[in-house]
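Colleague: only geometry, no sequence info:
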């Protein structure tokens, strides 16, 4: 590296913008994509039983309508990077905002079940785009000294989006006198729940017009003067702009464009480190976490909880999810990734096992016995808390750090794809499994939580405090 580039790098690390509040606003605006990611993922929770009733479908068909959005997620995530490199990060956000808006309107006004499924796929594509473009944009505009904290906005926005969606669902249900198919503003309550997403989707689109394009993208297309203006805006006037532009250009030229072929090797198709990443992604989903966000209202109603109360419990679970995420953000750099993952796994085993035990009891007058009902409710919150303070955050930290530089991008893509597929498998199978045996379903999730402990101990290496160049 040249002395000029070294000076720029040290200057960038020490950069402190004069208007930090403005930089925070930029990161928060970009994280609105994360909010919509969380909101759109979980808002369907409030509509499941109404959709089942309106279209008179069985559990298997219903599950496919709920899970089909994940197909769109996978496609959106796979293509967002290329779209952003071609037309820019801001244009990519604007496309996602339009798709979120279209999906909200279409989902609220479906004329058939297949029509609803199509709009779910459109929303899923937007989720996939938002899951990629938000973190990438924030990393590119954030001053290095604040990158970690600003980068955490995306995960915080996701869990807030989940919580707000459950609060909206609860509020709409109360306005409809506790009937998911009750009339409200000329529509059924569940349609209003899905349609409300128009508001944050339009806000996301409007915010994308007032935040700047990524300096990295501008330099890649030869717009150096505009890039300098934005670097001054986000890193401060004390930075040597010419040197910073040179540094970014040097970094972009020296980057290795990893491909799928780079991941091959070893005895089972992929290199061992890639399998570890896939394993982390699969375990994160196979503990059944998304059942808590896609089906919790249905779950509680199936064991006799009043619909309005079931929606309220879904909201309280989302608040616990936020609390756990904040705990993880505080401790992930203090005690390390592996200890946090193991603590979370132990807590999840306890919570899931208690749920399995409670659900094994026969319903009395359509309800769980009082003791088992309360234990199931508390255990569900314990499970979500321990997931959120560990695997919910730690897996993404691991995936961003654990791979060697040469294969990081491609390996992360494969691991993320595995996560969407595992998410789909759990989401699509839960209604049928629950109809078969709800307690046994939770025994399966408990087993995966237990197996995650030896997996971490044997195969996952600590990445805390290591430079990315040390990974391998």
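Modeller: Here it is on my side, so go on. On a predicted model such as this, the values are computed, not experimentally measured, just so you know.

Colleague: List the residues that contact the residue lying closest to residue 219 once chain neighbours are set aside.
Modeller: Leaving aside its sequence neighbours, residue 219 sits nearest to residue 227 (C-beta to C-beta, 6 or more residues apart in numbering; 4.9 Å). Where C-beta positions appear, they are placed from N, C-alpha and C, glycine not excepted. Counting by C-beta atoms under 8 Å, 6 or more residues apart in numbering, residue 227 touches 215, 218-219, 245, 248.

Colleague: Mind doing that once more with 7 Å?
Modeller: Residue 227 makes contact with 215, 218-219, 245 under the criterion C-beta atoms under 7 Å, 6 or more residues apart in numbering.

Colleague: which residues sit in contact with the closest residue to residue 344 other than its chain neighbours?
Modeller: Spatial nearest neighbour of residue 344, chain neighbours left out: residue 390 (2.2 Å); criterion: C-beta to C-beta, 6+ apart. Applying C-beta under 7 Å, 6+ apart to residue 390 gives the contacts 328, 340-341, 343-344.

Colleague: can you put these in a markdown table and add distance to residue 165?
Modeller: Shown next, in a markdown table, are these (distance: C-beta to C-beta, whole Å):
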| residue | distance to residue 165 |
| --- | --- |
| 328 | 21 |
| 340 | 27 |
| 341 | 27 |
| 343 | 28 |
| 344 | 24 |
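
Colleague: Any chance of CSV for those, columns distance to residue 334, neighbour count and pLDDT?
Modeller: Shown next, in CSV, are those (distance: C-beta to C-beta, whole Å; neighbours: other C-beta atoms under 10 Å; pLDDT from 0 to 100):
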residue, distance to residue 334, neighbour count, pLDDT
328, 11, 23, 89
340, 9, 23, 94
341, 14, 28, 95
343, 13, 16, 97
344, 15, 28, 97
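
Colleague: Tell me where the stretch 1-150 of the chain has helices.
Modeller: Here the stretch 1-150 of the chain has its helices, by DSSP state H, counting those that start in this stretch, at 3-13, 20-43, 48-55, 59-67, 69-87, 89-108, 113-141, 147-175.

Colleague: Dump those helices to a markdown table, plus mean pLDDT, mean neighbour count and distance to residue 358.
Modeller: Shown next, in a markdown table, are the helices of the stretch 1-150 of the chain (pLDDT from 0 to 100; neighbours: other C-beta atoms under 10 Å; distance: least, C-beta to C-beta, whole Å):
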| stretch | mean pLDDT | mean neighbour count | distance to residue 358 |
| --- | --- | --- | --- |
| helix 3-13 | 46 | 15 | 52 |
| helix 20-43 | 89 | 23 | 23 |
| helix 48-55 | 90 | 19 | 21 |
| helix 59-67 | 86 | 19 | 21 |
| helix 69-87 | 85 | 20 | 28 |
| helix 89-108 | 95 | 23 | 33 |
| helix 113-141 | 89 | 23 | 31 |
| helix 147-175 | 86 | 21 | 22 |
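
Colleague: could I get these as a markdown table with distance to residue 315?
Modeller: Output for the helices of the stretch 1-150 of the chain, formatted as a markdown table (distance: least, C-beta to C-beta, whole Å):
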| stretch | distance to residue 315 |
| --- | --- |
| helix 3-13 | 41 |
| helix 20-43 | 10 |
| helix 48-55 | 16 |
| helix 59-67 | 19 |
| helix 69-87 | 21 |
| helix 89-108 | 20 |
| helix 113-141 | 21 |
| helix 147-175 | 4 |
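
Colleague: Which of these sits closest to residue 463?
Modeller: Residue 463 sits nearest to helix 147-175 of all these, at 13.9 Å, using C-beta to C-beta.

Colleague: Quick one: list the elements packing against the closest one.
Modeller: When contacts are defined as 3 or more C-beta pairs under 7 Å, 6 or more residues apart in numbering; DSSP states H and E, helix 147-175 sits against helix 20-43, helix 113-141, helix 189-195, helix 307-331.

Colleague: correct me, but residue 75 touches residue 122?
Modeller: No: in this structure, residue 75 is not within contact of residue 122 by C-beta atoms under 7 Å, at 10.7 Å.

Colleague: buried residues in stretch 333-341?
Modeller: The neighbour-count check on stretch 333-341 (16 or more other C-beta atoms under 10 Å) flags 336-341 as buried.

Colleague: got those residues as JSON lines, with distance to residue 449 columns?
Modeller: Shown next, in JSON lines, are the buried residues of stretch 333-341 (distance: C-beta to C-beta, whole Å):
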{"residue": "336", "distance to residue 449": "20"}
{"residue": "337", "distance to residue 449": "17"}
{"residue": "338", "distance to residue 449": "16"}
{"residue": "339", "distance to residue 449": "16"}
{"residue": "340", "distance to residue 449": "15"}
{"residue": "341", "distance to residue 449": "11"}
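
Colleague: out of those, who's nearest residue 211?
Modeller: Closest to residue 211, out of all of the buried residues of stretch 333-341 and judged by C-beta to C-beta, is residue 337, at 31.2 Å.

Colleague: list the contacts for the closest one?
Modeller: Shown in contact with residue 337 (C-beta under 7 Å, 6+ apart): 394, 397-398, 462-464.

Colleague: Please flag which of the residues you listed sit within helices.
Modeller: 394, 397-398 (DSSP state H).

Colleague: just those now: which is nearest residue 309?
Modeller: Nearest to residue 309 among the ones in helices among the contacts of residue 337, with distances taken as C-beta to C-beta, is residue 394, at 32.3 Å.

Colleague: Which residue ranges of the stretch 351-472 of the chain form helices?
Modeller: For the stretch 351-472 of the chain, the helices defined by DSSP H, counting those that start in this stretch occupy 370-388, 391-401, 408-459.

Colleague: so which of these gets nearest residue 66?
Modeller: Closest to residue 66 of the helices of the stretch 351-472 of the chain, according to C-beta to C-beta: helix 408-459, at 5.9 Å.

Colleague: what's the burial count for the closest residue to residue 288 other than its chain neighbours?
Modeller: Spatial nearest neighbour of residue 288, excluding adjacent residues (C-beta to C-beta, 6+ apart): residue 445 at 3.7 Å. Residue 445: 25 surrounding residues under other C-beta atoms under 10 Å.

Colleague: about what we covered before: now the buried residues of stretch 333-341 as CSV including secondary structure and distance to residue 431?
Modeller: Rendered in CSV, the data for these read as follows (DSSP: H, G, I helix; E, B strand; the rest coil; distance: C-beta to C-beta, whole Å):
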residue, secondary structure, distance to residue 431
336, coil, 38
337, helix, 34
338, helix, 35
339, helix, 36
340, helix, 32
341, helix, 29
